[in-house]
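> When you get a sec, could you give me coordinates for this:
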Amino acid sequence: MPDPRKVQLRSAQVHTRLRPSSSDTISSFGPPPTPSSRSPSRHKAHCLFLQCAYTLGAYLNDSRGCTMTFVFTPPQQTHTPARRKARHTVLWCFGWLFVSLLLIPSACVRPELQCIDDTECPKSAFPRCVGGMCRECRTSSDCIFGNGCDAWGYCSLRKDGGVVPDIKCIDGEKKTCYEGPSGTQGIGTCRAGVRTCASGRFGPCLGQILPQAETCDTKDNNCNGLKDENIDNCCENGKTRACGEDTGECQKGTQTCAGGTWGQCTGGVEKKKELCNDKDDDCDGQIDEDFPGKNDACSKEQNGCKVSGIFHCLKDGSKLFCDAQFSCADRNCDGLACDANGKLCQGGRCTCPNNSGVEVNCTDGKDNDCDG
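Numbers count the residues shown, from 1 in each chain. Here you go, the predicted structure:
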């Protein structure tokens, strides 16, 4: 037989499921409510359970706030037939009390825990509707590991020494989760996931999206509120932009974005190696800077003869040359003649209409200018 104290703490609900009121509750021994506080219809609608409980001295207000909701029916008059009826009523109520409290552990329940099915029960604490009352469990599978479902619908520690885990949840229960840095949830691509309870434990956080390295995709991958920041050569497909330089000999071209990346620069003039050509070939704002001495004075000397000139660029732009030239003193202007002392003549320039002239070697013992 169940412990009467447990019966008192888990007394239970009547099928009428009336809400409790202060006048319906017997909180201690004492006389029942007076008939004047009840309407005749309510007197007729309920059994004499409260009168019976008063006769037996029952204490029906438990520590869980569970209170009886029965209506008191006043005792009959004191004439002899009524006395016999009253005695019958007490005996009947005693039997009903025994059946209700001892054999049917569902005589009193808080109104918010009254139910018809599981959908009317709070999911977090008492999710199972058992006998019209929201309980913790219907079977032991509803309890966390190490616990079993007792006869009253409550999970209690089993005698097999099972360890109760720290996390308690109802199988199938779900809750949101996020394991990323604070302040990133819901920013950019970052999203929360879901944990699902199985065997009394919440599983891993599934479906969450955490911050990732920023990629060129017009999205905020690292969830800092910015898109495609600090990524070189990142662009939106189809867009174009100018490229290259327009300094010196260089001219700008055009780039087109494809696949999130800028393509090659086309249609422009790119910088080249600097040549000696009076141009800025490498587009650095300087002309022929790799040829120091250009336009400086220069001279040529041979056998004591010295002629002055200026450094200029060769036609192919590869280097400088000195434009100093020796004068021609031979009669037929076929080269440079030697005077009596064997030195090159340095007279005025002459024009050679028939040939360009050759340089005379005054030491080879030959008559280079053919003058005998």
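
> C-alpha from now on. contacts and neighbour counts both.
Noted.

> For the closest residue to Gly180 other than its chain neighbours, give its distance to Thr256.
Spatially, and ignoring its direct neighbours in sequence, Gly180 is nearest to Leu210 (5.5 Å; C-alpha to C-alpha, 6 or more residues apart in numbering). Counting by C-alpha to C-alpha, to the nearest Å, the separation of Leu210 from Thr256 is 33 Å.

> quick one on the thing from earlier: residues touching the residue nearest to Gly180, list them.
Glu179, Gly180, Thr189, Cys190, Arg191 (C-alpha atoms under 8 Å, 6 or more residues apart in numbering).

> what about the helices in the chain?
4-9, 40-45, 49-56, 80-98 (DSSP state H).

> Give me the distance between the closest residue to Phe202 other than its chain neighbours and Gly180.
Nearest non-adjacent residue to Phe202, counting by C-alpha to C-alpha, 6+ apart: Thr196, 5.4 Å away. Going from Thr196 to Gly180 by C-alpha to C-alpha gives 19 Å.

> In terms of neighbours, single out the busier of those two.
Set Thr196 next to Gly180 and count neighbours by other C-alpha atoms under 10 Å: Thr196 wins out with 19 against 15.

> where does this protein dip in pLDDT?
1-111, 145-146, 158-168, 302-305, 326-372 (pLDDT under 70).

> domains of it?
4-113, 118-157, 165-231, 236-285, 291-372 (automatic domain parsing).

> OK, contacts around the residue nearest to Phe202?
Asp171, Gly172, Glu173, Lys174, Lys175, Phe202, Gly203, Pro204.

> Identify those among the residues you listed that sit within strands.
Lys174, Lys175, Phe202 (DSSP state E).

> Just among these, which is most surrounded?
Phe202 (20 neighbours).

> most surrounded residue in the contacts of Leu210?
Cys190 (21 neighbours).

> just checking, that one touches Gly207?
No. In this structure, Cys190 is not within contact of Gly207 by C-alpha atoms under 8 Å, at 10.5 Å.

> overlap in contacts of these two?
Joint contacts of Cys190 and Gly207 (C-alpha under 8 Å, 6+ apart) do not exist.

> What is the longest strand seen in the chain packed up against?
Looking across the chain with DSSP E, the single longest strand is strand 305-313. Applying 3 or more C-alpha pairs under 8 Å, 6 or more residues apart in numbering; DSSP states H and E, one finds that strand 305-313 makes contact with strand 297-302, strand 320-322.

> could you dump stretch 171-191 to CSV, C-alpha only?
C-alpha atoms of stretch 171-191 as CSV (Å, rounded to 0.1, in the frame of the first residue of the first chain):
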residue,chain,number,x,y,z
ASP,A,171,14.3,13.4,-25.5
GLY,A,172,13.4,15.3,-28.6
GLU,A,173,13.6,18.7,-26.9
LYS,A,174,15.5,21.3,-29.0
LYS,A,175,17.3,24.5,-28.2
THR,A,176,19.3,27.0,-30.2
CYS,A,177,23.1,27.1,-29.8
TYR,A,178,26.0,29.1,-31.1
GLU,A,179,29.7,28.5,-30.4
GLY,A,180,31.2,31.5,-32.3
PRO,A,181,32.7,34.7,-30.8
SER,A,182,30.4,37.0,-29.0
GLY,A,183,28.8,39.6,-31.2
THR,A,184,29.0,37.6,-34.4
GLN,A,185,25.8,35.6,-34.3
GLY,A,186,23.4,36.9,-36.9
ILE,A,187,26.0,39.1,-38.5
GLY,A,188,27.0,38.4,-42.1
THR,A,189,26.8,34.7,-42.9
CYS,A,190,27.0,33.6,-39.2
ARG,A,191,23.9,31.7,-38.0
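
> Please enumerate residues in contact with it?
For stretch 171-191, using C-alpha under 8 Å, 6+ apart, the contacting residues are 142, 192-201, 205, 208-211, 219-226.

> Filter these down to just the buried residues.
For the contacts of stretch 171-191, a burial check counting by 16 or more other C-alpha atoms under 10 Å picks out 142, 192-197, 199-201, 205, 208-211, 219-224.

> just checking, which of these belong to strands?
Gly193, Val194, Arg195, Thr196, Cys197, Arg201.

> can you redo those as JSON lines with distance to Ala242?
Putting those into JSON lines (distance: C-alpha to C-alpha, whole Å) gives the following:
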{"residue": "Gly193", "distance to Ala242": "44"}
{"residue": "Val194", "distance to Ala242": "48"}
{"residue": "Arg195", "distance to Ala242": "51"}
{"residue": "Thr196", "distance to Ala242": "54"}
{"residue": "Cys197", "distance to Ala242": "58"}
{"residue": "Arg201", "distance to Ala242": "60"}
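
> which one among these gets closest to Gln264?
Nearest to Gln264 out of these is Gly193 (C-alpha to C-alpha; 42.3 Å).

> Contacts only, for the nearest residue to the closest one once chain neighbours are set aside.
Closest residue to Gly193 apart from its sequence neighbours, by C-alpha to C-alpha, 6+ apart: Gln208 at 3.8 Å. Gln208 sits next to Cys177, Tyr178, Cys190, Arg191, Ala192, Gly193, Val194 when contact means C-alpha under 8 Å, 6+ apart.

> farthest-separated two in the residues you listed?
Farthest-apart pair in the contacts of Gln208 is Cys190 and Val194; separation 13.6 Å (C-alpha to C-alpha).
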